[in-house]
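> Provide a 3D model corresponding to the input given below.
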Amino acid sequence: MGSAASTDRRPSAEQQEQESLAASTGSLTFLKSAFANLSDHQSQSIPLSSLYQSLSIPSVTLNLTLPSPHPTSNFSLLLPHLGAAAADFLFATVNDTTDWTTFLRGFNRCCARMPASSSLITLYRIFSDVCRRAGIACGLEFDLEDADDGKVRGTFGLNDMLIFLWFCWVMEQSSRLSMWGKGGELALPDLNHLVLSAFLACGEVGGDESVWGLDGLGERKIVAVQKLNGWILATLPGLASCFSQFLREKIRSFAVSAKSSVESNQSGCTGSSTNCNDSFLLTFGRAWAISLTEKGTLGEELSAASFPGLLDHKLNNLLYRSSTHGKGLSRFWSIVEGYHGPLLFLFSGNLADSSDDKSSKRWVVGVLTEHGFQNSDIFYGTSAHLYAISPVFRVLSPTGKEKNFLYSHLHPTGRVYEANPKPVGLAFGGTRGNERIFIDEDFSRVVIRHHAVDKTYQHGSLIPNQGYLPVEASLVEAEVWGFGGSSAKEKHDTFKKREKLFTEQRRKVDMKTFGSWEDSPEKMMMDMVSDPNRVQREDR
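Numbers count the residues shown, from 1 in each chain. Now for the predicted structure:
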């Protein structure tokens, strides 16, 4: 009997396979701790009702005061059903209990290595099920013959797309929502630029002339989900992993303990948050859009900047703002010099005529660098990305053909004659004298050229109605945000303190040198008058 009992305790082949898959993701230890904290010790299983509650989103009162003219009241009806939809999709069984093997299988179904297209279909399934439970119409249909990797059909309208993007944002920010607390008001990010980008990229908009707002599209505009898939995977690849990231964060919180997880929800900060950063070029919605294009630590830093509850943390990353610190390359350089880490440089311009409302047609362009700026009269850098931020969001990644990523050249300190003086200003892409983007030293004028002159960044328009001729515009605002983390911030602060100390030392004058009679010009004049023919050897 002893041998039979030991044979029964041996894990099954399926359990070993699922444990191997979970170990490849690096989450097996968290899964074991989470299962031990959530399961009943006698039955060694988790009641499905417990998973409903554990996977739910903290109850937050969403403040929907956004500039969007479209109704958004349906979104608040979705969140209470997310936990049940996720648990049923991943862990549902016949007897409404989840054993260890089923728990692993559900996690691997979502978080194991798989193509991004499969993760996106899983995200669609969760969104469709949540809409069905909330009684909201959803235009998505799935192939029931293949439950795991089936095809998806249907369409998204303007409001559907906006709600879907907010739904993904909430799942990605679930861990921060838990710390935010219950009952606090939270402002959803403005994601209109992503909706405009999706409809424009999928061919539902004739041209750039109507991309300044959702009003120009019309509420009856729809986009096929097959076209939308290509745009998401090419422009916002991080969107497909929102649900898997949501599940991983939940599993990690369960691993700590179910009790401490609940206490963290109750003890989190409460209050209200509005879109109080709309005056900045880097709004919450724009920060989230950029974060979906990056991975690793940089993506996490940008994602944190998109959460209104971390506004103070975000403002700590602001290094330079032209309206606050002053315009000009010298002011810019005096602040950003010495920052060795990822930098996001944003600037806005205006294409409106003098008779139009200039603020209504203001565009925003961004550049994300990996190692900061340096004073150089040649192009430098190993990698960077150009972004069309607003009104349409586009990502222009490096092509790999050339490496003219960055150019930042100041006037030389000494007045030296140059037969062929180098351009003074900031530039990105292209070649010297024919840059893709060029900003003059006064930060008053910006020139954007067609992508034909550039082999460093991918093709694409950076501003609406951009043709083949160079576009010259007035630079309205410029910002620089540092996303190198606390280490880069501390090193930059140390560098600025050292530079300040050197500057103060150079300003100090040793008055003892001028206080000696032997070294004074008066004594020299007196000696010359008394005996002008006397020869004096000059000390060298």
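
> In the stretch 151-300 of the chain, where is pLDDT below threshold?
180-185, 206-211, 213-219, 257-278 (pLDDT under 70).

> at 80 instead, please
For the stretch 151-300 of the chain, the stretches with pLDDT under 80 are 178-187, 203-220, 257-278.

> and Tyr468, what pLDDT?
Note on Tyr468: pLDDT of 88.

> er, His70 actually
Confidence score, pLDDT, at His70: 51.

> change the start of the numbering to 44 and stick with it
Sure thing, new numbering starts at 44, so read that last one as His113.

> Show the contacting residues for Thr442.
Lys498, Thr499, Tyr500, Gln501 (CB atoms under 8 Å, 6 or more residues apart in numbering). Placement of C-beta: from N, CA and C, glycine included.

> residues in contact with stretch 144-154?
55, 57-58, 61-62, 64-65, 68, 70, 74, 78, 89, 133-134, 136, 141, 162, 165, 191, 286-287, 290-291, 294.

> switch the cut-off to 6 Å
Residues outside stretch 144-154 that contact it (CB atoms under 6 Å, 6 or more residues apart in numbering) are Glu57, Gln58, Gln61, Leu64, Ala65, Thr68, Phe78, Leu133, Phe134, Thr136, Ser287, Leu290.

> Kindly indicate the member of these with the most neighbours.
Gln61 (25 neighbours; other CB atoms under 10 Å).

> so is that residue in a helix, a strand, or just coil?
helix (DSSP: H, G, I helix; E, B strand; the rest coil).

> Distance check, it against Gly468.
58 Å (CB to CB, to the nearest Å).

> Geometric centre of this protein: which residue is closest?
Ser334 (2.6 Å; CA atoms, centre = their mean).

> wait, what's in contact with the closest residue to that residue other than its chain neighbours?
Excluding the flanking residues, the one nearest Ser334 by CB to CB, 6 or more residues apart in numbering is Leu345, at 3.5 Å. When contacts are counted by CB under 6 Å, 6+ apart, Leu345 touches Ala330, Ile333, Ser334.

> do Pro441 as well
Pro441 is in contact with Ser426, counting by CB under 6 Å, 6+ apart.

> Out of the contacts of Leu345, which is nearest to Ala431?
Among the contacts of Leu345, Ile333 lies closest to Ala431 (CB to CB), at 11.4 Å.

> The closest one: neighbour count?
Other residues close to Ile333 by other CB under 10 Å number 29.

> Check which helices and strands the helix or strand where it lies is in contact with.
Assessed by DSSP states H and E, Ile333 sits inside helix 327-334. Under the contact criterion of 3 or more CB pairs under 6 Å, 6 or more residues apart in numbering; DSSP states H and E, helix 327-334 touches helix 339-348.

> after the helix it packs on, next one along is what?
helix 354-358.

> how far does the helix or strand that that following helix is followed by sit from the chain's center?
Beyond helix 354-358 on the C-terminal side, the first helix or strand identified by DSSP H and E is strand 361-364. With CA atoms, centre = their mean, to the nearest Å as the basis, strand 361-364 stands 16 Å off its chain's centre.

> Report the buried residues of strand 361-364.
Leu361, Leu362, Tyr363, Arg364 (16 or more other CB atoms under 10 Å).

> what's the farthest-apart pair in those?
Pairwise over the buried residues of strand 361-364, using CB to CB, the maximum falls at Leu362 and Arg364, 8.4 Å.

> one step back: among the buried residues of strand 361-364, which one sits closest to Phe481?
Out of the buried residues of strand 361-364, the member with the shortest distance to Phe481 (by CB to CB) is Tyr363, at 18.6 Å.

> Can you name the residues bridging to that closest one?
Counting by DSSP bridges, Tyr363 forms beta bridges with Val523.

> Hmm, it is touching Ile378, no?
Yes: under the criterion of CB atoms under 6 Å, Tyr363 makes contact with Ile378 at 4.6 Å.

> Show me the contact partners of the helix holding Ile333.
So helix 327-334 is contacted by Pro232, Asp233, Leu234, Leu237, Gly342, Leu345, Ser346, Ala348, Ser349, Pro351, Ile432, Phe436 (CB under 6 Å, 6+ apart).

> Just the closest of the contacts of Leu345 to Ile100, please.
For the contacts of Leu345, the residue nearest Ile100 by CB to CB is Ser334; the value is 19.5 Å.

> how much space is there between the closest one and Thr340?
From Ser334 to Thr340 the distance is 11 Å (CB to CB).

> ok, how many other residues are close to Gly197?
Gly197 has 17 nearby residues by other CB under 10 Å.

> Which strands or helices does the helix or strand where it lies pack on?
In the assignment (DSSP H and E), Gly197 maps to strand 195-200. Other helices and strands packing on strand 195-200, by 3+ CB pairs under 6 Å, 6+ apart, are strand 183-185, strand 265-267.

> Same list, those strands, but as a markdown table with distance to Gly384 please.
Output for these, formatted as a markdown table (distance: least, CB to CB, whole Å):
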| stretch | distance to Gly384 |
| --- | --- |
| strand 183-185 | 41 |
| strand 265-267 | 38 |
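
> Leu324 contacts Leu387, doesn't it?
No: judged on CB under 6 Å, Leu324 makes no contact with Leu387 at a distance of 9.6 Å.

> What separation do you get for the residue nearest to His356 when sequence neighbours are not counted and Trp209?
What sits nearest to His356 in space, not counting adjacent residues and going by CB to CB, 6+ apart, is Ala347, at 6.4 Å. From Ala347 across to Trp209, the span is 18 Å (CB to CB).

> Quick check, pLDDT for Tyr430.
Turning to Tyr430, the model gives it a pLDDT of 97.

> check contacts around it.
Gly409, Val438.

> now do 10 Å
Residues near Tyr430 by CB atoms under 10 Å, 6 or more residues apart in numbering: 329, 332-333, 336, 387-389, 407-411, 436-439, 505.

> out of Ala347 and Trp209, which sits in the busier spot?
Trp209 (22 against 18).

> That one against Pro232, yeah?
Yes: with contact defined as CB atoms under 10 Å, Trp209 and Pro232 form a contacting pair (7.9 Å).

> rewinding a little: want to throw the contacts of stretch 144-154 into CSV with distance to Gly126?
Below are the contacts of stretch 144-154 laid out as CSV (distance: CB to CB, whole Å):
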residue, distance to Gly126
Glu57, 26
Gln58, 26
Gln61, 23
Leu64, 24
Ala65, 21
Thr68, 22
Phe78, 17
Leu133, 11
Phe134, 11
Thr136, 17
Ser287, 16
Leu290, 11
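
> Sort out which of those residues are in helices and list them.
Glu57, Gln58, Gln61, Leu64, Ala65, Phe78, Leu133, Phe134, Ser287, Leu290 (DSSP state H).

> Just send these back as CSV, with distance to Lys370 too.
Output for these, formatted as CSV (distance: CB to CB, whole Å):
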residue, distance to Lys370
Glu57, 65
Gln58, 64
Gln61, 59
Leu64, 55
Ala65, 54
Phe78, 58
Leu133, 53
Phe134, 57
Ser287, 44
Leu290, 47
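
> which residues touch Gln269?
Neighbours of Gln269 in contact, by CB under 10 Å, 6+ apart: Lys194, Val195, Arg196, Gly197, Thr198, Cys245.
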